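Q: Dropping the sequence and predicted coords here.
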Amino acid sequence: MNGFPYLDGLNDKQREAVLHTKGPLLVLAGAGSGKTRVITHRIVHIVHQGTAPHNILAVTFTNKAAKEMRERVELLLKKFPPAERAAIDSLPIVTTFHALGVRILREFHEALGLRRHFTIYDRADTLRAVKLALERGGYNPKEFEPKKILSKISRAKGDAISIADFKLSASNFTDQVAATVWEHYESIMKDEHALDFDDLLIKTLNLLRNNPTIREKLQARFAYIHVDEYQDTNAVQFSIAKILTGDSQNICVVGDIDQNIYSWRGADIKNVLQFEREFSGAQTILLEENYRSTKIIIAASNEVIEKNKNRIPKEVFTSNEEGEKITLYTAMTGQDEAEYVALTAKSLIASGNNPTDIAVLYRTNFQSRALEEAFLNYQVDYQLLGTKFYERKEIKDVLSYLRLALNPGSTADLARVINEPVRGIGKVTMLKVIEGRRSELTGATLEKVQRFDQIMMDIADEARTKPLSETLKFIIKRTGIETELKKNGTEDDLSRLENLQELVTLGKRYDELSPEAAVEALIETAALQSDQDELKDKEEQDAVRLMTIHSAKGLEFPFVFICGLEEGLFPHERLDDTGIDHEEERRLFYVALTRASKKVFLTYAHLRTIYGSQRVNLPSSFLNDISTKYVEGGNPRDKEAASGYETTIFLD
């Protein structure tokens, strides 16, 4: 196209979205329709129009997605450099919402009375603090489950509700308890100079709302804002994006209502439905051409999702081949189902397909056990998504030493490592150290604490002056962790040592940064890691992927198995007696179907053992949404018979 060579290869709707650069834009992008392509090319176009790259912000939800988008933008800018710029001397800010929050809070930490090196609580830290807050409030953690209290606090923060407002609206005793616990929880975090995951957003929002100078500075900095996966934003994320947009209204959001599957953690579908009301004069563009999947997969997924009423209508289409029919396997038991999946995957691999081309998706985590067993029995290599590198004990120990060195007020980290490895420092002594009562320590006890203090001072010196990888090596040796693991010498201990060596390798990625900036970068990466980022770190493993459908969001595979298609399991009936959200469950099924580019396998079991009891199942009602002309039976007796599929499945 004249003057814009980077537009070559875009379809008409993609090009229209790229060229619309003034004012608010909503891009409704069907699965596999090239939404990332639109965002990256739009950023390049804006740079070509004269905006400095560092004045462009793009926000998404996972480190993996941000990294891929950042790399694609860099490649495009190198391939299509603006003629009027001698060199690209900066890059767009492409990040996640939480990482953006960390960036802003570190930059303006003084305005909030925060240390620059504040601690970011992980899940274990938050649960520990909530349990302590319960005790301080005079409640029994066994009576009020910390996870449930934390969930209430987290949801309120995601909805931008303050403690005061939450307290006023507390309509039952549990909510009143949560309000009291929340106050103690905030006090604990303040003492430890810590923020939890939700604080990275809500404190950023409050900073923007309450500090006009900072708000205007950031609005001027970010001349153009892009939000990917907009359907997954909650109230706080929406408000941050809207405030940063300011009067310019130069915001482009890309999303798909049909892939809104996170309402249980605060994602608000109204952010898409009401975009035009929130941003006056907004233009909406639909991306409906799918470049990923076969015609049969697209036709089936359209049939499924069109049953939902709470959506903006669109008809996804593709120019790809017709493709193979969807295979449906009716298992007698959950074990039978798992064996079918493992053997079929083995057959696909034997036919020349790469194991990484195959994904096995399920609705809930417990389903993975039977699948893992079958894959082991039939010697099919698999990778279970969800065991995160940064959640391993030895990794968390070293990161705690690192955080404590730069933030001595972090009592959570102090409690974790003061006696790790064992130094003979008991709980009573540790409590005195935490409470600042060192003057009460004497003799051998005092010497032990002083030796620990010296270790921490040595680590702090290293962390402020040496490359990160060297600091990590120093921590592993100086603390005695390496000696302890080598001394025991078990296979498990040596495996832990290998994990620590891998941490040093990861640390090398940040060695080019200044020492303290490198520490911050690693700690942020560890704190903000998602399931998909873990997959990225391990993607060299030549194995079939096993994961929940929620974890598969944004990924694609040639071959996809969707297991457990039974009423009560998928669609899933929640254990908290809220019943089934059929529209969200149908969106989840739609997401699962559209992960596949070549072939889909659907399975369900007549009998399944759940929570120790065997249950007789009806096939999922979602199977009724797909026309039989798109489906073939996977059982030997009805491999080619659509009628067999029909009589077996459609139980009205």
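A: Thanks, I have it.

Q: and residue 373, helix, strand or coil?
A: Secondary structure, DSSP: H, G, I helix; E, B strand; the rest coil: residue 373 is helix.

Q: What separation do you get for the nearest residue to it once chain neighbours are set aside and residue 364?
A: Of all residues not flanking residue 373 in the chain, residue 338 sits nearest, at 6.7 Å (Cβ to Cβ, 6 or more residues apart in numbering). Any C-beta I mention is one placed from the backbone N, CA and C, and that applies to glycine too. Distance, residue 338 to residue 364, using Cβ to Cβ, to the nearest Å: 14 Å.

Q: helices or strands up against the helix or strand containing residue 431?
A: Secondary structure from DSSP states H and E places residue 431 in helix 427-434. Using 3 or more Cβ pairs under 8 Å, 6 or more residues apart in numbering; DSSP states H and E, the elements in contact with helix 427-434 are helix 411-417, helix 443-465.

Q: on contacts alone, who are the packing partners of the last one?
A: Just to be clear, that refers to helix 443-465. On a contact count with 3+ Cβ pairs under 8 Å, 6+ apart, helix 443-465 meets helix 393-406, helix 427-434, helix 468-478, helix 515-527.

Q: Need the residues that contact it.
A: Residues outside helix 443-465 that contact it (Cβ atoms under 8 Å, 6 or more residues apart in numbering) are 401-402, 404-406, 408, 418, 423-425, 429, 433, 438, 441, 470-471, 474-475, 478-479, 515-516, 519.

Q: mind saving the C-alpha coords of it as PDB?
A: Output of helix 443-465 as PDB, limited to C-alpha atoms (Å, rounded to 0.1, in the frame of the first residue of the first chain):
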ATOM      1  CA  GLY A 443      25.100 -15.700  74.800                       C
ATOM      2  CA  ALA A 444      25.000 -18.400  72.100                       C
ATOM      3  CA  THR A 445      21.500 -17.300  71.000                       C
ATOM      4  CA  LEU A 446      22.700 -13.800  70.300                       C
ATOM      5  CA  GLU A 447      25.800 -15.100  68.400                       C
ATOM      6  CA  LYS A 448      23.600 -17.200  66.100                       C
ATOM      7  CA  VAL A 449      21.400 -14.100  65.300                       C
ATOM      8  CA  GLN A 450      24.500 -11.900  64.800                       C
ATOM      9  CA  ARG A 451      25.900 -14.500  62.300                       C
ATOM     10  CA  PHE A 452      22.700 -14.400  60.400                       C
ATOM     11  CA  ASP A 453      22.700 -10.600  60.400                       C
ATOM     12  CA  GLN A 454      26.300 -10.700  59.000                       C
ATOM     13  CA  ILE A 455      25.100 -13.100  56.200                       C
ATOM     14  CA  MET A 456      22.300 -10.600  55.300                       C
ATOM     15  CA  MET A 457      24.700  -7.600  55.300                       C
ATOM     16  CA  ASP A 458      27.100  -9.600  53.000                       C
ATOM     17  CA  ILE A 459      24.200 -10.400  50.600                       C
ATOM     18  CA  ALA A 460      23.100  -6.800  50.600                       C
ATOM     19  CA  ASP A 461      26.600  -5.600  49.700                       C
ATOM     20  CA  GLU A 462      26.700  -8.200  46.800                       C
ATOM     21  CA  ALA A 463      23.200  -7.300  45.600                       C
ATOM     22  CA  ARG A 464      24.100  -3.600  45.300                       C
ATOM     23  CA  THR A 465      27.400  -4.000  43.600                       C
END
